[in-house]
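[1] got a predicted structure here, sequence first:
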Protein chains: 2
Amino acid sequence: MLSKKTQYAFKALEYLAIQHGKGPVKIADISLHQKIPLKFLENILVELKNAGMLESKKGKGGGYLLRVAPKNINLANVIRIINGPIALLPCVSLNFYEKCKDCDEATCGMRKMMIIARDATLRILEKKTMADMIKSEITIE
Amino acid sequence: MLSKKTQYAFKALEYLAIQHGKGPVKIADISLHQKIPLKFLENILVELKNAGMLESKKGKGGGYLLRVAPKNINLANVIRIINGPIALLPCVSLNFYEKCKDCDEATCGMRKMMIIARDATLRILEKKTMADMIKSEITIE
DNA sequence: TGTATATCCTACCAATTTAGTAGGGATTAA
DNA sequence: TTAATCCCTACTAAATTGGTAGGATATACA
């Protein structure tokens, strides 16, 4: 399951995607409209920024902006930044790989199954973007 | 990610699947061959039993057995028993549904995406069985 | 240059979950 | 009746989750 933090990240990105092209959006605005605890949201946005997904401007008129268009932000990436691995086992994760001890990867049946599952999940999460997400959404405000 | 408990559950079921038809298998045997802490394994097996997946016999010559053939145990079921929901959000879970507040399910874009992702994952996890899992495995012992 | 407006940084916290362990009780086969 | 086996209740340490507190830093603008 995705953590609440990750759900908040998606909600924040939704809002930023809708406002895309209209200049910086304040944390307080996002917090208010998407009902996300303000201080918690600060942490989340900094993480997304450090990962290169957002940029920020300080001072009056400042706020956060998407660095790329909503259609270029896929859901898998967001999950990886805030939530961590998408795969069901560390030893089948593409971005957070960890070898499992006591298991020969070449012959491990569990591993083979989890690779197939991972690929099915990723096919969706890497194809779908923030643009898809807000497309079906009723406009906020 | 699956908890270690869930990984142990799969390892235990693998062993029981391989021994299927040969009578009861002792916890100590499973623990030894699959390198699972014995007391922890006890808890896991009781849960699988209470969920109807295993049966047990006490006393000498006793142990655990699969209640159905390996090909009838799909991976989604095991995960649900030990790990919990497979979906990425409570509000899109088929077996552990919880309504999310502050969200209109009819129009929530995040929800729509996560339903698609869930279905892709489930298509694999509900089709693949313990028989598939041990098929590609080198026989233990 | 000063002040209001923003983001940013470090640190802390309580509650929950995870990954076990301990110790004995109940049941059964021989 | 005794040894083997599963079963049950309770406990624990460490990590994770979901935040909060307080101030530092940068910027726009008068």
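    It's in.

[2] please count neighbours and contacts with C-alpha atoms only from this point.
    Fine.

[3] could you list the low-pLDDT ranges of chain A?
    Across chain A, the ranges flagged by pLDDT under 70 are A:138-141.

[4] so A:Y8 touches A:P37, yeah?
    No. Using C-alpha atoms under 8 Å as the test, A:Y8 is too far from A:P37 to be in contact (9.1 Å).

[5] who has more neighbours, the two?
    Neighbour count, other C-alpha atoms under 10 Å in any protein chain shown: between A:Y8 and A:P37, A:Y8 has more, with 21 against 13.

[6] tell me the spacing between the more buried one and chain B.
    11 Å (C-alpha to the nearest C-alpha, to the nearest Å).

[7] and for A:R118?
    Distance from A:R118 to chain B, by C-alpha to the nearest C-alpha: 8 Å.

[8] same deal with A:L48?
    18 Å.

[9] distance from whichever helix or strand that residue is part of to the middle of the chain?
    Using DSSP states H and E, A:L48 maps to helix A:38-50. Distance, stretch centre to chain centre, for helix A:38-50: 12 Å (C-alpha atoms, centre = their mean, to the nearest Å).

[10] equivalent analysis for stretch A:62-75, please.
    11 Å.

[11] that stretch near chain B at all?
    No. With C-alpha under 8 Å from any C-alpha of the partner chain as the criterion, chain B is not reached by stretch A:62-75; the gap is at least 8.8 Å.

[12] buried ones in that stretch, by neighbour count?
    Judged by neighbour count (16 or more other C-alpha atoms under 10 Å in any protein chain shown), stretch A:62-75 contains these buried residues: A:63-66, A:70, A:73-75.

[13] which of these sits closest to DNA strand D?
    Ranked by distance to DNA strand D (C-alpha to the nearest atom of the strand), the buried residues of stretch A:62-75 are led by A:G63 at 10.4 Å.

[14] returning to that earlier point: C-alpha coordinates for the next helix or strand after the helix holding A:L48, CSV please?
    The helix or strand immediately downstream of helix A:38-50 is strand A:54-57, counting by DSSP H and E. Extracted in CSV, the C-alpha atoms of strand A:54-57 (Å, rounded to 0.1, in the frame of the first residue of the first chain):
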residue,chain,number,x,y,z
LEU,A,54,9.6,20.4,-8.9
GLU,A,55,11.3,23.8,-8.8
SER,A,56,10.7,26.5,-6.2
LYS,A,57,10.8,30.2,-5.9
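
[15] show me which residues of strand A:54-57 are buried.
    By neighbour count with 16+ other C-alpha under 10 Å, strand A:54-57 contains the buried residues A:54-56.

[16] what is the burial count for A:L125?
    When counting by other C-alpha under 10 Å, one arrives at 22 neighbours for A:L125.

[17] check the one 3 residues further on too.
    Other residues lying near A:K128 total 20 when counted by other C-alpha under 10 Å.
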